[in-house]
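> Please find the sequence and the predicted model below.
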Amino acid sequence: MRSAVKIILIPVILAILSQSVLAEQKNEADQPWERFVFNFGGFITTLSSSVRVGTFVGLDVDIENALGLDDSMSVFRADALYRFGKTRRHRLDFSWAAYHRSGNTTTQQEIPTNPPIPAGTGIETKFDYDIIQLKYSYSFFQDDRMDLGIGLGLYGMPIEIEVRNSNTKEQFLSEDFIAPLPVFALRGDFLIIPKLYFKLSIDTFYIEIDKFTGDITDARLALEYNIWEHLGVGLAYDSFDASVKAEEGTDWPGIDFIGRIGVEYSGLMLYAKLYF
């Protein structure tokens with residue numbers, strides 16, 4: 001999927017950039033694009049996670065199936081954007097959501113870790129991570145119906161994992177770290193009819209340096225309607241896929257473990273919108 005996204009993005013970006021010479025500077029009063037927006041709401045999502053760290057070296061463990069974590073949840077998510085400059089072509093985006101889960105299960109079969117976890121062992125698991133985004137983008141094409149931008153950003157993922165025996169409290173796994181990943185960002189906002197907007201964004205990146213590998217793809221589609229002045233509602237679909245892999249001796253900032261962690265989710269968000 002990531003390869004297909006990247007193959008599609010390259011000609012799309014080149015085609016849109018070729019039209020940037022047609023963009024005209026607009027006076028601030030002519031802009032339908034809000035200067036400041038704050039979105040907050042509930043995100044209903046399905047999750048898939050895998051881990052291979054510490055005593056789990058050599059084995060990708062499916063967190064949900066093997067360790068008893070729910071594969072769906074509802075979370076609170078907040079997003080904000082700020083456009084600055086006379087024509088509001090410069091833009092900062094910020095987003096935060098917390099995915100905190102815990103579970104209890106009894107292993108149905110032996111998990112071949114080092115040492116192995118026998119079948120019939122009671123397991124307590126905590127797998128918490130936050131997704132924090134900060135992006136800058138520039139609107140290379142902007143008129144009164146369309147705002148297209150390209151930019152750079154940084155995703156931060158504070159991750160905490162604990163797996164232990166629910167009876168003896170013996171720890172099979174304990175890791176706590178932050179995984180930072182840069183991204184290339186492409187976005188588009190479209191005014192369909194007065195007050196009704198269609199918005200999309202794609203953030204993606206892949207890096208392989210020495211003993212570290214990281215990749216991320218985050219795609220979002222949204223419909224927003226401004227009900228009253230300064231207040232609107234929105235419905236968005238978000239698909240996220242990221243993984244980090246570190247071998248012994250890696251010096252990527254924030255990574256101090258050996259192994260691989262993968263996080264994937266998709267879902268719907270219903271939210272309220274404050275804008276000025």
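Alright, I've got the coordinates.
> Please confirm that residue 64 is located within a strand.
No. Assessed by DSSP: H, G, I helix; E, B strand; the rest coil, residue 64 does not belong to a strand; its assignment is helix.
> Return the residues in contact with the nearest residue to it once chain neighbours are set aside.
Nearest residue to residue 64, sequence neighbours excluded (C-beta to C-beta, 6 or more residues apart in numbering): residue 71, at 4.2 Å. Every C-beta, even on glycine, is put in place using the N, C-alpha and C of the backbone. Contacts for residue 71 (C-beta atoms under 8 Å, 6 or more residues apart in numbering) come out as 46, 47, 48, 64.
> Can you report how many residues lie near the last one?
What that stands for is residue 64. The tally of other residues near residue 64 (other C-beta atoms under 10 Å) stands at 20.
> For residue 109, grab phi and psi.
Dihedral pair for residue 109: phi -150, psi 160, per degrees, to the nearest 10.
> Can you classify the nearest residue to it once chain neighbours are set aside by secondary structure?
The shortest distance from residue 109 to any non-neighbouring residue, by C-beta to C-beta, 6+ apart, is to residue 119 (5.0 Å). Counting by three-state DSSP, the backbone at residue 119 sits in coil.
> Residue 119 contacts residue 66, correct?
No. Between residue 119 and residue 66 there is no contact, the gap being 11.7 Å when judged by C-beta atoms under 8 Å.
> Helices along the stretch 51-200 of the chain, start to end?
63-67 (DSSP state H, counting those that start in this stretch).
> Sketch out the low-pLDDT regions of it for me.
54-59 (pLDDT under 70).
> that older thread, neighbour count for residue 119 and residue 66, which is higher?
The neighbour count for residue 119 versus residue 66, taken as other C-beta under 10 Å, is higher for residue 66 (21 against 11).
> what's the spacing between the residue lying closest to that one once chain neighbours are set aside and residue 209?
Distances taken as C-beta to C-beta, 6+ apart put residue 111 closest to residue 66, at 6.2 Å, once the chain neighbours are dropped. Remark: distance between residue 111 and residue 209 (C-beta to C-beta, to the nearest Å) = 31 Å.
> These two: who's more crowded?
residue 111 (20 against 10).
> what sits opposite the more buried one in the beta ladder?
For residue 111, the beta-bridge partners are residue 117 (DSSP bridges).
> right, and it touches residue 117 too?
Yes. Residue 111 is within contact range of residue 117, at 4.2 Å (criterion: C-beta under 8 Å).
> The residue lying closest to residue 199 once chain neighbours are set aside: what's it in contact with?
In space, residue 199 comes closest to residue 222 once its chain neighbours are excluded; the distance is 4.5 Å by C-beta to C-beta, 6+ apart. Counting by C-beta under 8 Å, 6+ apart, residue 222 touches 197, 198, 199, 200, 234, 235, 236, 237.
> how many other residues sit next to the residue lying closest to residue 82 once chain neighbours are set aside?
Once flanking residues are discounted, residue 82 sits nearest to residue 92: 4.9 Å by C-beta to C-beta, 6+ apart. Residue 92 has 15 neighbours, counted by other C-beta under 10 Å.
> List the contacts of residue 92.
81, 82, 84, 134, 135, 136.
> List the buried residues for the helix or strand harbouring residue 224?
If you go by DSSP states H and E, residue 224 is part of strand 212-228. Neighbour counts using 16 or more other C-beta atoms under 10 Å place 212, 213, 214, 215, 216, 217, 218, 219, 220, 222, 224, 226 of strand 212-228 among the buried residues.
> Let me know the pLDDT of residue 219.
Looking at residue 219, its pLDDT reads 98.
> how close does it get to residue 237?
Residue 219 is 9 Å from residue 237, by C-beta to C-beta.
> do residue 247 as well
Counting by C-beta to C-beta - residue 247 and residue 237 are separated by 35 Å.
> just residue 220 next, same as before
Taken as C-beta to C-beta, the span from residue 220 to residue 237 is 7 Å.
> repeat for residue 168
From residue 168 to residue 237 the distance is 43 Å (C-beta to C-beta).
> So for these two, which sits in the more crowded spot?
The neighbour comparison of residue 168 against residue 237 (other C-beta under 10 Å) goes to residue 237, with 14 against 9.
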